[in-house]
Structures are given as structure tokens and as C-alpha cells.
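Enquirer: take a look and give me a structure for this.
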Amino acid sequence: MPVKVLCQNCGQGFEAKRSDAKWCPLCQVIKEREKFARYEKRHPNECKDCGAPIIRRSTRCHTCENKRRIGLYAREGNPSWKGGRSRQSNGYVYVLGKREGRKHRYQLEHTMVWEKANGRLPEGWIIHHLNGVRDDNRLENLAAMPRKHHSPRLVVEPYQQRIQQLEAELSTLASTNNPVSLCRE
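Expert: The predicted structure is shown next:
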């Protein structure tokens, strides 16, 4: 039910749908325009980076804002950043870093470790993990070999023999039941 109210700006009476109305419809439009004018003085209508026209309540155009956001979430700014390391489903560790002559950004970590110590890997050669653990990229665990010699029979058999020798030594130490001998290297 409409209520008769006096305008606080011009003092004229008007009918309002709400009892807490302060201004008549004409004064309401004037107040909104004044508010917009005050806002526009504080906020220019051009991008502060490139000067392109922008909409109200913006400080940058879409292009400049997108460029700014890209910089915010790059590398360390991204909550998912892992320091440039990623582990793939095949078990190998990839590291962010471009190598000479390679086009991809992420490279195999074990290849980079071996090349840093020994120089560029010859064409057709690969790096083998001696203990079989694909994310163990210590230099003493890596061996370079031609791809054609990298088969389980050629690579694993010598290490299996060494493992059998070590297991035999361990069993002889365990049979003595001397705790001191078990603690030796």
C-alpha cells in the first residue's frame, strides 16, 4: 500500500511503496548521477597500462588484465608448482630445463644428471638405472650403454649374480648369530 512521504532533498511530498524512502523519483535520479560523477572522477575510463577504454569499476582492459594474471600464476606463483619436477606414470622424473638440441621444456632427470657429469650422450645410447629404481638418479646408479645392449638378459644377469653373492654373505653372517658382525658394513 503506497505511503505519503516527504523528500529529504526537495521537501515535496510523494507516494512511495516503502515507508523508509528518502527521496522522490526525480531526486533519486539526481543522486545516482552525482554518485556516478564522483566515482568517475576517482576512476578514469581508460586502462592504466595501455590507455585503452575500459568499463566502470575496472582498472585495466581485458588484454592487460590477462597479461597481469598470467604473471601472477607462473611457476612459483602457481599453487601446484613443484619446483620444476614432475613424475610421470612410467616412474621417471622430468625436470624443467632446456638442453642443447632438444625442443621440449621438460627433460629426463637421469639423462641430465649423467650428461652434466660426463658430457653429451652419444647418439643411440641410453641411460640405465643399475638398481632398477627409476627415480633414483644418483650418478653412481646410472650407466650409459648402447640401446641394442640394453636388454634384461644382458643388463640384469651380472647384477643378479652379485646380488646372489651378497645374499650368501648375509646368510653366513646371520648363521653366526653375532649381532656385532651384522652391524658391520
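
Enquirer: now for the closest residue to residue 87 other than its chain neighbours: which residues touch it?
Expert: Among residues not flanking residue 87 along the chain, residue 93 sits closest, at 5.5 Å (C-beta to C-beta, 6 or more residues apart in numbering). Heads up, the C-betas are built off the backbone N, CA and C, glycines and all. Taking C-beta atoms under 8 Å, 6 or more residues apart in numbering, we find residue 93 in contact with 85-87, 108-110, 134-135, 137.

Enquirer: who wins for neighbours among those residues?
Expert: In terms of neighbours by other C-beta atoms under 10 Å, the contacts of residue 93 top out with residue 110 at 23 neighbours.

Enquirer: which strand or helix spans it?
Expert: helix 109-118 (DSSP states H and E).

Enquirer: tell me the helix or strand right after that helix.
Expert: Past helix 109-118, the next helix or strand by DSSP H and E is strand 125-129.

Enquirer: now that following strand, how far from the centre of its chain.
Expert: 29 Å (C-alpha atoms, centre = their mean, to the nearest Å).

Enquirer: that older thread, dump the contacts of residue 93 to TSV, plus distance to residue 62.
Expert: As requested, the contacts of residue 93 are arranged in TSV below (distance: C-beta to C-beta, whole Å):
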residue	distance to residue 62
85	34
86	31
87	37
108	39
109	39
110	44
134	45
135	43
137	44
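
Enquirer: assign a three-state SS to the most centrally placed residue in the chain, would you?
Expert: Residue closest to the average C-alpha location in the chain (C-alpha atoms, centre = their mean): residue 81, at 2.9 Å. Under DSSP: H, G, I helix; E, B strand; the rest coil, residue 81 falls in the coil class.

Enquirer: if we can go back for a sec, and of the contacts of residue 93, the nearest to residue 23?
Expert: residue 86 (61.3 Å; C-beta to C-beta).

Enquirer: state the helix or strand in which the closest one lies.
Expert: strand 85-87.

Enquirer: could you say what helices and strands that strand packs with?
Expert: With contacts defined as 3 or more C-beta pairs under 8 Å, 6 or more residues apart in numbering; DSSP states H and E, strand 85-87 has these neighbours: strand 93-96.

Enquirer: give me the sheet partners of the strand it packs on and which way each runs.
Expert: The pairing partners recorded for strand 93-96 under DSSP bridges are strand 85-87 (antiparallel), strand 106-108 (antiparallel).

Enquirer: list the buried residues in that strand.
Expert: Neighbour counts over strand 93-96 (16 or more other C-beta atoms under 10 Å) mark 93-95 as buried.
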